[in-house]
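Chemist: Got a sequence here, can you model it:
(one chain, ligands or ions: 1)
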Amino acid sequence: MDKAYVKIPQAKNEPVLSYAPGTPEREEVLKTYKEMWNSHVEVPLYINGEKVFTGKTKEIRPPHDHGHVVGVFHRASDEHVKQAIDAALKARQKWADLPWEQRVSIFLKAADLISGPYRAKMNAATMINQSKTIHQAEIDAVAELADFWRFNAEYLARIYKEQPESAKDVFNRMEYRPLEGFIYAVTPFNFTSIAGNLPTAPAMAGNVVVWKPSVSQMYSANMIMEVLMEAGLPAGVINMVTGSASKITEVVLNHPEFSGLHYTGSTAVFQYLWKTIGNNIDKYKTYPRIVGETGGKDFVWMAPDANPVEVATALARGAFEYQGQKCSAASRAYIPESQWDAVFKELKKQVESMKMGDPGDFSNFITAVINEASFNKLAGYIEQAKKDKEVEIVIGGGYDKSKGYFIEPTVFLTTDPHYETMVEELFGPILTVYVYPDKEWKESLDLVDGTSPYGLTGAIFAKDRYIIDYATKRLENAAGNFYINDKPTGAVVNQQPFGGARASGTNDKAGSMWNLIRWLSPRAIKENFNPPKDYRYPFLGE
Ligand code: NAD
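Modeler: Next comes the predicted model:
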């Protein structure tokens, strides 16, 4: 931008369409879903703007019907990963030098594409690949991703405007350079929007990227690349490779030009990546930026005076939407003794009315969990709970993988506030409840704070303002996204910037200025209009 202070179009949250019976969007997405279901896709690698078909493939099967194949994805060798890094580095200077409004225009156009002509395809791909209901797909693959792209453009403009003061005879300015080298983006299966945001946020700021999506999300990851190419993303700016996560990572993290990790996924993988970067630290040209948003053990705490129907509804939605496979999903609840009967009755009524099955049938609220490994792990917790004395399965507990990976929404009631499912992230539709004596509400908040290593999201329900104030302060470090009288899921870009600390990540808040700042390396420039002509200061005078 050297000829104008450009004002980019004002970002607004993308409206979420209803898909109610009779709406045109419902008809269109169902038609697209059927067409895509019956076609076969070859997902390539994307290196230097080219689609690369390696011939080493793996099948893509929808989680709700694992007997059906919708395509294959091609896997990268070490050589392909090296080519992806080279392509990124080759593209770097030209991309970094492109005026920022030209760069962001590509992503603004991509946002218009996914909320317009690609809307049905983005949704259908996410429904098929990750087994989301149409509502879950719409709030993710369309609304949130369009929001990321539009608001990040606005945040970037805000950062560039941040300039220092200048004293007499001096002109100070700040330049926000992209990092030297390339960024490695590693993304999880559960949000198409996160997969789209992690490589593009650094790219928008002028960086070049090697992106490794999750093998369980390749079908919708491919849609993102198609949209970005259609929007005019130049060759080499984002290179998508997939295959063995550990092999790809080994090549990337050993490269001297590796300059940043943009990661979302489980805590264990993040810690492994951080350690590897630490061990390689003397190999790099510059200290890499590390941004990671990881697991959660998100809580709902109810005060004795809260409304049981509101709490039960928050649990029904917060714990079971998308089968509990949101990092923000409620997975442990603390309910006062005097209220448990009322909460339980309502929760049971709501959960037992949830239909489970194929997302192509819009009457289903619950669909499948992502894959067999996840299914087996969750079934294992259910079987263990059947044996353990300190826990009782009070709702659900059924599972079946004959056609798809289906786990019923399940509630455990435990007498041990440190029972393993109160502590560990399960990442599935299992909620554990601990009932506390009403008069020990303060101690129960200590339990909320101290039980799990995570600090991602959490919710409190109360009417008494002194209790709300006390709990808000007591749980200051228990959640990076804290909700009062609302479920702990459903953060919206530009309204509730998302991320947590402790074992949940670096809390750099995806979809905010705070995240974008991590992909920029400021340069302070001072120009002197009147340089001194003598070294002596006045105090040296006679
Ligand atoms: P995952 O940890 O299995 O995978 C995440 C990514 O890491 C994938 O791309 C995977 O291929 C890659 N990976 C796995 N092993 C690796 C290795 N050895 N080296 C390099 N990369 C490797 O997570 P997932 O199952 O895809 O996603 C669920 C997890 O993500 C949950 O823990 C959830 O809480 C977390 N999550 C967090 C947020 C957040 O914002 N905090 C958002 C979404 C998901």
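Chemist: Contact residues of the chain facing the ligand?
Modeler: Residues of the chain found near the ligand (Cβ under 6 Å from any ligand atom) are 186-191, 194, 212, 214, 245-246, 249, 264-266, 269, 272, 293-296, 327, 425, 427, 456, 498-499, 504-505. Heads up, the C-betas are built off the backbone N, CA and C, glycines and all.
Chemist: filter those to the buried ones?
Modeler: For those, a burial check counting by 16 or more other Cβ atoms under 10 Å picks out 186-191, 194, 212, 214, 249, 264-265, 269, 293-296, 327, 425, 427, 456, 498-499, 504-505.
Chemist: All the helices of the stretch 201-350 of the chain, residue numbers only.
Modeler: Taking DSSP state H, counting those that start in this stretch, the helices of the stretch 201-350 of the chain run over residues 218-230, 245-253, 267-279, 308-320, 337-352.
Chemist: how about TSV for the ones you listed, with distance to Arg158 added?
Modeler: TSV is the format used below for these (distance: least, Cβ to Cβ, whole Å):
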stretch	distance to Arg158
helix 218-230	23
helix 245-253	31
helix 267-279	28
helix 308-320	32
helix 337-352	42
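Chemist: Mean pLDDT added to these, as a markdown table?
Modeler: A markdown table is the format used below for the helices of the stretch 201-350 of the chain (pLDDT from 0 to 100):
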| stretch | mean pLDDT |
| --- | --- |
| helix 218-230 | 98 |
| helix 245-253 | 98 |
| helix 267-279 | 98 |
| helix 308-320 | 98 |
| helix 337-352 | 98 |
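Chemist: Show me the residue at the heart of the protein, geometrically.
Modeler: With distances taken as Cα atoms, centre = their mean, Ile194 lies nearest the centre of the chain, 4.2 Å away.
Chemist: Could you grab the helix/strand/coil label for that residue?
Modeler: helix (DSSP: H, G, I helix; E, B strand; the rest coil).
Chemist: which secondary structure elements does whichever strand or helix holds Phe73 contact?
Modeler: Using DSSP states H and E, Phe73 falls within strand 71-74. With contacts defined as 3 or more Cβ pairs under 8 Å, 6 or more residues apart in numbering; DSSP states H and E, strand 71-74 has these neighbours: strand 41-43, strand 57-60, helix 218-230.
Chemist: Which one of the residues in the stretch 151-300 of the chain is closest to the ligand?
Modeler: At 2.5 Å from the ligand, Gly265 is the closest residue in the stretch 151-300 of the chain, using Cβ to the nearest ligand atom.
Chemist: check contacts around the spatially closest residue to that residue that is not a sequence neighbour.
Modeler: Closest residue in space to Gly265, ignoring its immediate chain neighbours: Pro188 at 4.4 Å, by Cβ to Cβ, 6 or more residues apart in numbering. The contact partners of Pro188, by Cβ atoms under 8 Å, 6 or more residues apart in numbering, come to 194-195, 214, 217, 264-266.
Chemist: re earlier: determine which stretch of the helices and strands packed on strand 71-74 is the most buried.
Modeler: The highest mean neighbour count among the helices and strands packed on strand 71-74, using mean count of other Cβ atoms under 10 Å, belongs to helix 218-230: a mean of 23.
Chemist: Now do it: distance to the chain's middle.
Modeler: In terms of Cα atoms, centre = their mean, to the nearest Å, the gap separating the centre of helix 218-230 from the centre of its chain is 17 Å.
Chemist: Any chance you could list what contacts it?
Modeler: 41, 43-44, 46, 49, 60, 70-71, 73, 106, 110, 113-114, 118, 121-122, 125-126, 128-130, 141, 145, 187, 192, 195-196, 200, 213-214, 238, 240, 242.
Chemist: Give the buried subset of the residues you listed as a ChimeraX selection command.
Modeler: This is how ChimeraX selects the buried members of the contacts of helix 218-230, with burial counted by 16+ other Cβ under 10 Å:
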select :41,43,44,46,60,70,71,73,106,110,113,114,118,121,122,125,126,128,129,130,141,145,187,192,195,196,200,213,214,238,240,242
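Chemist: my read: the residue nearest to the centre of the chain touches Thr200, true?
Modeler: No: counting by Cβ atoms under 8 Å, Ile194 sits too far from Thr200 to count as a contact (10.8 Å).
Chemist: got the helices and strands packed on strand 71-74 as JSON lines, with distance to Asn376 columns?
Modeler: Shown next, in JSON lines, are the helices and strands packed on strand 71-74 (distance: least, Cβ to Cβ, whole Å):
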{"stretch": "strand 41-43", "distance to Asn376": "26"}
{"stretch": "strand 57-60", "distance to Asn376": "19"}
{"stretch": "helix 218-230", "distance to Asn376": "21"}
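Chemist: Nearest to the ligand: which residue in the stretch 1-150 of the chain?
Modeler: Closest point on the stretch 1-150 of the chain to the ligand, by Cβ to the nearest ligand atom, is Gln130, at 10.1 Å.
Chemist: contacting residues around that residue?
Modeler: 63, 189-190, 192, 216-217, 220, 370.
Chemist: what two of those residues have the greatest distance between them?
Modeler: The distance between the two most remote of these (Cβ to Cβ) is 14.3 Å, for Pro63 and Thr192.
Chemist: Surely His66 touches Lys403?
Modeler: Yes: with contact defined as Cβ under 8 Å, His66 and Lys403 form a contacting pair (7.4 Å).
Chemist: These two: which has the busier surroundings?
Modeler: The residue with more neighbours, out of His66 and Lys403, is His66; 18 against 14, by other Cβ atoms under 10 Å.
Chemist: Just the pLDDT for that one.
Modeler: The score at His66 is 98. That number is its pLDDT.
Chemist: Distance of it relative to Met356?
Modeler: 16 Å (Cβ to Cβ, to the nearest Å).
Chemist: How about Glu101?
Modeler: From Glu101 to Met356 the distance is 47 Å (Cβ to Cβ).
Chemist: Those two - which one has more neighbours?
Modeler: Neighbour count, other Cβ under 10 Å: between Glu101 and Met356, Met356 has more, with 21 against 18.
Chemist: okay but the more buried one is in contact with Ser363, surely?
Modeler: No: with contact defined as Cβ under 8 Å, Met356 does not reach Ser363; the gap is 10.4 Å.
Chemist: What residue spans form the domains of the chain?
Modeler: Listed by automatic domain parsing, the domain ranges of the chain are 25-294+505-523, 298-484.
Chemist: So which of those domains is nearest Asn494?
Modeler: Nearest of the domains of the chain (Cβ to Cβ): domain 25-294+505-523, 4.8 Å.
Chemist: so how far is the closest one from its chain's centroid?
Modeler: 11 Å.
Chemist: residues of stretch 291-311 that come out buried?
Modeler: Going by neighbour count (16+ other Cβ under 10 Å), the buried part of stretch 291-311 is 291-304, 306-308, 310-311.
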